[in-house]
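S.K.: only the shape, not the letters, is given here:
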Ligand code: SF4
């Protein structure tokens, strides 16, 4: 007799476990719980992080029974999938990744000669709300999990030409990374692990909007990663205008950055997105010289890349940027200038996510 569906016992929904969320010990426990041995956990990790396997069926040297058992227990190799990709004329490639809950994040691969840099995100949206940035327009929805961060590297690495290597990682995409240290630090461990993706700490840069306490917490991490601080202005009132959620005074941010240098031996880079007539004036350069002159750090100037969604700002002319850089150099500040790449295809952060999964412009 057929059961009434309303009273029939319901099978518990199978809980999906994303294996990229697990560290070595947890992965080993999962494999052993499914009838495998510790060396098979290492083989599985090799498939995930070295070969970039996306499905258990690809892990050919694992016994079929173990793969079946892992699958039946709800273990999957990836929680993210590629939804859309754009390519710029200069070689920059931008990926929109779909997450298990329907949210999306961006990952950008920037090839420059022998150098292949990947820019990854740490949150869905961003709580910081810099006035010139598309990523902060909708606020933050949630932190990315450890696996969602690591998988961006696996997806980005898969875009490389055969034989090419990922040489640098910048954690500068959507989100404030230091507000998600709980998931970012284990993700960086996986990315750094010599038995896995194997990217050296000196090739990894984490960017923050300037949270002194979190910078100190980050300094306590086991490896000497590079730290970049988005300063944008050395005058507190102007900085609060550009980064409305900023609480810490510039002096406290600079002090925490110099402490990072003393603790880790890595010079901090201060990022300054230049907006014409707003923070590219001689007095803005003078303010930066006052706080950063002759200090062990570098200022990276980034002429703003206009985005359709943000009105009221303009990119400074190249001559203005060069003059600003010269004023800093004269004041004893090391300076680099980054002319943004991929400007022809939604390269500003947050742009691809503002589009739908098929690349069409979202209206709401
Ligand atoms: S620039 Fe960075 S910190 Fe500022 S809103 Fe955009 S993603 Fe957030």
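M.R.: That came through fine. Keep in mind that what you see is a predicted model, and the values were worked out from it rather than measured.
S.K.: what's the spacing between residue 169 and residue 183?
M.R.: If you measure residue 169 against residue 183 using Cβ to Cβ, to the nearest Å, the figure is 15 Å. (C-beta placed from N, C-alpha, C; glycine too.)
S.K.: same thing with residue 334?
M.R.: Applying Cβ to Cβ, one obtains 32 Å for the distance of residue 334 from residue 183.
S.K.: returning to what we had before: between residue 169 and residue 183, point out the one with more neighbours.
M.R.: Between residue 169 and residue 183, residue 169 has the larger neighbour count (other Cβ atoms under 10 Å), namely 26 against 20.
S.K.: mind listing what the more buried one touches?
M.R.: When contacts are counted by Cβ atoms under 8 Å, 6 or more residues apart in numbering, residue 169 touches 117-118, 120, 153, 191, 199, 203-205.
S.K.: at 6 Å instead, please
M.R.: The contact partners of residue 169, by Cβ atoms under 6 Å, 6 or more residues apart in numbering, come to 118, 199, 204.
S.K.: quick one: the first one is in a helix?
M.R.: No: counting by DSSP: H, G, I helix; E, B strand; the rest coil, residue 118 is not found in a helix; it is strand.
S.K.: my read: it touches residue 109, true?
M.R.: Yes: taking contact to mean Cβ atoms under 6 Å, the distance of 5.4 Å between residue 118 and residue 109 places them in contact.
S.K.: neighbour count winner among these two?
M.R.: Applying other Cβ under 10 Å to residue 118 and residue 109 shows that residue 118 carries more neighbours, namely 27 against 23.
S.K.: what residues are bridge-paired with the more buried one?
M.R.: Each beta-bridge partner of residue 118 is listed here, defined by DSSP bridges: residue 109, residue 169.
S.K.: and the pLDDT at it?
M.R.: The predicted local confidence for residue 118 comes out at a pLDDT of 96.
S.K.: any idea how far the ligand is from it?
M.R.: For residue 118, the distance to the ligand equals 16 Å [Cβ to the nearest ligand atom, to the nearest Å].
S.K.: any idea how far that residue lies from residue 249?
M.R.: Going from residue 118 to residue 249 by Cβ to Cβ gives 33 Å.
S.K.: mean confidence for the helix or strand hosting residue 153?
M.R.: Applying DSSP states H and E as the criterion places residue 153 in helix 146-157. In this model, helix 146-157 has an average pLDDT of 98.
S.K.: in which helix or strand would I find the closest residue to residue 331 other than its chain neighbours?
M.R.: The shortest distance from residue 331 to any residue that is not its chain neighbour, by Cβ to Cβ, 6 or more residues apart in numbering, is 3.1 Å, and that residue is residue 289. Assignment of secondary structure by DSSP H and E places residue 289 within helix 282-292.
S.K.: now do that helix: everything it contacts.
M.R.: Contacts with helix 282-292, where a contact means Cβ under 6 Å, 6+ apart, come from 234-235, 254, 324, 327-328, 331, 333.
S.K.: same thing but at 8 Å, please
M.R.: Contacts for helix 282-292 (Cβ under 8 Å, 6+ apart): 231, 233-235, 238, 250-251, 254, 270, 272, 299, 324, 327-328, 331-333.
S.K.: which neighbours do residue 118 and residue 109 have in common?
M.R.: In the contact map built from Cβ under 8 Å, 6+ apart, the residues linked to both residue 118 and residue 109 are residue 156.
S.K.: and the angle from the helix ranked longest in the chain to helix 282-292?
M.R.: With DSSP state H setting the assignment, residue counts place helix 250-264 as the longest helix in the chain. Direction vectors for helix 250-264 and helix 282-292, defined by axes from the mean of the first three to the mean of the last three Cα atoms, to 10 degrees, enclose an angle of 40 degrees.
S.K.: mind checking the pLDDT average for helix 250-264?
M.R.: The model assigns helix 250-264 a mean pLDDT of 98.
S.K.: so what touches it?
M.R.: With Cβ under 8 Å, 6+ apart as the criterion, helix 250-264 contacts 210, 212-213, 215-216, 218-219, 224-225, 227, 229, 231, 233-236, 239, 266-268, 270, 291-292, 295-297.
S.K.: around the ligand, pick out the residues from the chain.
M.R.: By Cβ under 6 Å from any ligand atom, the part of the chain that sits against the ligand consists of 126, 128-130, 133, 135-136, 174, 176, 209, 349.
S.K.: 8 Å - rerun?
M.R.: 126-130, 132-136, 172-176, 207, 209, 230, 243, 273, 349-350 (Cβ under 8 Å from any ligand atom).
S.K.: which of the contacts of helix 250-264 are buried?
M.R.: Members of these that pass the buried threshold by neighbour count (16 or more other Cβ atoms under 10 Å) are listed as 210, 212, 215, 218-219, 224-225, 227, 229, 231, 233-235, 239, 266-268, 270, 291-292, 295, 297.
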